[in-house]
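Visitor: Okay, here's the prediction I keep looking at, along with the sequence it came from:
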Amino acid sequence: MPDIHPTAIVEAGAALADGVRVGAWSTIGANVAIGAGTTIAEHVVIRGRTRIGAGNRIFQFNSIGDAPQDKKYAGEPTELVIGDGNTIREFCTLNTGTVQDQGVTRIGDRNWIMAYVHVAHDCVVGDDTVLANGVTLAGHVRVGDFTILGGFTAVHQHCRIGAHCMLGGGSIVLQDVPPYVMANGNSASPHGVNSEGLKRRGFTAEAIAAIRRAYKTLYKSGLLLEEAKAQLAAEAAAQIELLPLVEFLAAPGRGIIR
């Protein structure tokens with residue numbers, strides 16, 4: 001059975017699994033589903049067509065699943081889907097999607113979302129990311145697995161940030177950031193490979209060396225972008241860790257940071 005504080009409001013139709021805890025003065029809307037063991041602290045509002053997985057910790061004063069901040073939104077039945085094992089700290093705003101995209105904002109598993117983070121409509125956040133205090137994702141942003149965004153990083157709409165990236169605090173991201181890259185600044189520019197993060201995640205010395213060489217091909221060789229992409233595609237045949245980089249560069253986007 002869920003544990004619901006007497007002052008909380010859980011509307012008829014909401015689906016709360018066993019072990020869910022809802023704190024004082026929180027509100028859970030009729031179209032919300034929450035998985036086993038998730039805890040909702042005090043003064044949290046969860047609305048809209050929102051699905052939250054198991055084992056999440058949602059701290060006080062969050063607004064989750066409300067309408068997107070998009071003037072084109074006209075009440076369509078869009079969604080917010082949150083996975084398992086996430087920590088969402090105070091004063092975050094996570095909005096549902098829009099019909100101009102897939103209609104769903106998605107947040108994966110085991111993410112650490114710190115205070116005052118905003119995840120706008122139609123964003124897709126992968127697994128095991130860290131979004132530090134004050135990070136702002138505009139609409140349609142994609143954030144890859146194991147990425148760390150420093151405090152007050154702001155990401156322009158439709159930008160992609162690849163897996164295993166690390167962005168310094170206060171970065172302004174106006175173009176795509178390829179996988180494995182460290183970047184910072186206004187606007188964000190590349191500053192090498194996130195080697196320490198890769199070591200912590202079990203990448204071999206050989207794989208990290210290959211990724212460093214790929215970074216030099218992309219950013220230091222003087223090759224045109226299309227030439228660098230072709231060279232990296234050839235190298236990826238022998239080094240599987242380069243495939244995410246090759247696939248990222250081949251997909252349409254806003255152009256990569258340079």
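Guide: Thanks, I have it. What you see is a predicted model, and the numbers here were worked out from it, not measured in a lab. Numbering: from 1, shown residues only.

Visitor: so residue 72, which of the three states?
Guide: What DSSP: H, G, I helix; E, B strand; the rest coil gives for residue 72 is coil.

Visitor: What about it, how many residues nearby?
Guide: For residue 72, the number of neighbouring residues by other C-beta atoms under 10 Å comes to 10. Yep, even glycine has a C-beta here, placed from its N, CA and C like the rest.

Visitor: I figured it was touching residue 78, is that so?
Guide: No. Contact status for residue 72 versus residue 78: not in contact, 11.5 Å apart, counting by C-beta atoms under 8 Å.

Visitor: and for those two, which residues touch both?
Guide: Where contact means C-beta atoms under 8 Å, 6 or more residues apart in numbering, the residues bridging residue 72 and residue 78 through contact with each are residue 98.

Visitor: a strand runs through residue 229, doesn't it?
Guide: No. In this structure, residue 229 is helix, not part of a strand, as judged by three-state DSSP.

Visitor: And for it, the neighbour number?
Guide: What residue 229 shows, counting by other C-beta under 10 Å, is a neighbour count of 17.

Visitor: Residue 155 bridge partners, please.
Guide: Here residue 155 sits in beta bridges with residue 137, residue 173, as judged by DSSP bridges.

Visitor: contacting residues for it?
Guide: When the contact criterion is C-beta under 8 Å, 6+ apart, the partners of residue 155 are 135, 136, 137, 138, 141, 143, 149, 161, 173.

Visitor: ok, the first one to residue 38 distance?
Guide: So that's residue 135. 22 Å (C-beta to C-beta, to the nearest Å).

Visitor: Looking at those two, which is more packed in?
Guide: Set side by side, residue 135 and residue 38 give different neighbour counts by other C-beta under 10 Å, the larger being at residue 135 (27 against 24).

Visitor: Now do the helices in the protein.
Guide: Secondary structure of the chain (DSSP state H): helices located at 195-200, 205-219, 225-236, 243-250.

Visitor: domains of this structure?
Guide: In the domain annotation for the chain, the residue ranges read 3-140, 198-250 (automatic domain parsing).
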